[in-house]
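[1] Okay, predicted coordinates and the sequence, questions at the end:
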Amino acid sequence: MAGLNAAIQAASHGSVLVVTKDRIDENNTTYAQGGIAVVLSEKDALIKHINDTLDAGQELCDKATVKTIVSEGPKRVREMIGWGAAFDRQNNHLIFTQEGGHSFPRIIRARGDSTGKEVEHTLVRVVKENKNIKVFEHTFAIDLITRDGVCHGAVTWHAKKGIVLSGQSKQFWRQGDADRYTVKRPTRTWPPGMDLQWHTGLALPSRIWSLCSFIPQHSISQEQCGFSLRKRYEEREEY
């Protein structure tokens, strides 16, 4: 969901390539059954939503992040509605429910428990209709191409097309670059986002490491956590 939305926003500034390991509509968002918490009722308030989130988070939430996400929520949901997302309504008014740690009814849904599917299908349709966005399905991002601290592109792998170098300028790629990369049977569950960020040397939020227990490895340090992420893709040879 975040990737598709980012692609839509970036497409207004130039051409965009979306790389996905499976079909574009095969992802966690599609199977998400919960609703969306958002302040759209006149009787609700952003500060109430922020406080509810921080209370439920039990000091694990970053306050600045919570404030940003909650504050931008109404705009993003209205944007989705403008793109055609159909959330449940009664008498042409959005239906709000009160759930979990929320002190006010602010949860909206689509067809009951199909909220994620509605959101994802809306984003996929907008992406496919945008001429500035190209989508590579069944493709794995395996490395970022950087020079002088700037990312110029990515190395991807497709079962039939093999290694593909994608970037801002074809002139950047040196002859023989593709020979440096070898891939064998990529794993569908390999999480490339955090792995690529860590491997490229970019900083990851400190809370990521405190939550490394969610990764099925016994990793604690940043180096160990990064290794455990890459181990999921252990079928790939060293490059």
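    Structure's in. What do you need? Residues are numbered from 1 along each chain as shown.
[2] drop to CA atoms for contacts and neighbour counts, all remaining ones
    OK.
[3] Next secondary structure after the lengthiest helix in the chain?
    Longest helix in the chain by number of residues (criterion: DSSP state H): helix 63-82. For helix 63-82, the following helix or strand on the C-terminal side (DSSP states H and E) is strand 89-90.
[4] For the chain, which element, helix or strand, carries the lowest mean pLDDT?
    When the helices and strands of the chain are scored by mean pLDDT, DSSP states H and E, helix 222-231 comes last with a mean of 44.
[5] Show me the chain divided up by domain.
    Using automatic domain parsing, the domain parsing of the chain gives 1-31+122-137, 36-108, 139-231.
[6] Mean pLDDT lowest where, among the ones you listed?
    Lowest mean pLDDT within those: domain 139-231, at a mean of 58.
[7] Helices of the protein, residue ranges please.
    Using DSSP H, the helices of the chain run over 2-10, 46-57, 63-82, 115-129, 192-200, 206-210, 222-231.
[8] Residues contacting the third one, please?
    Meaning helix 63-82. Under the criterion Cα atoms under 8 Å, 6 or more residues apart in numbering, residues 38-40, 46, 49-50, 53-54, 87, 119, 122 lie in contact with helix 63-82.
[9] Stretch 9-17 too?
    With Cα under 8 Å, 6+ apart as the test, stretch 9-17 has contacts from 7, 130, 132-136.
[10] What of stretch 50-58?
    For stretch 50-58, contacts defined as Cα under 8 Å, 6+ apart pick out 61, 63, 66-67, 70, 101-103.
[11] got the buried residues for that stretch?
    Buried residues in stretch 50-58, defined by neighbour count with 16 or more other Cα atoms under 10 Å: 50-54.
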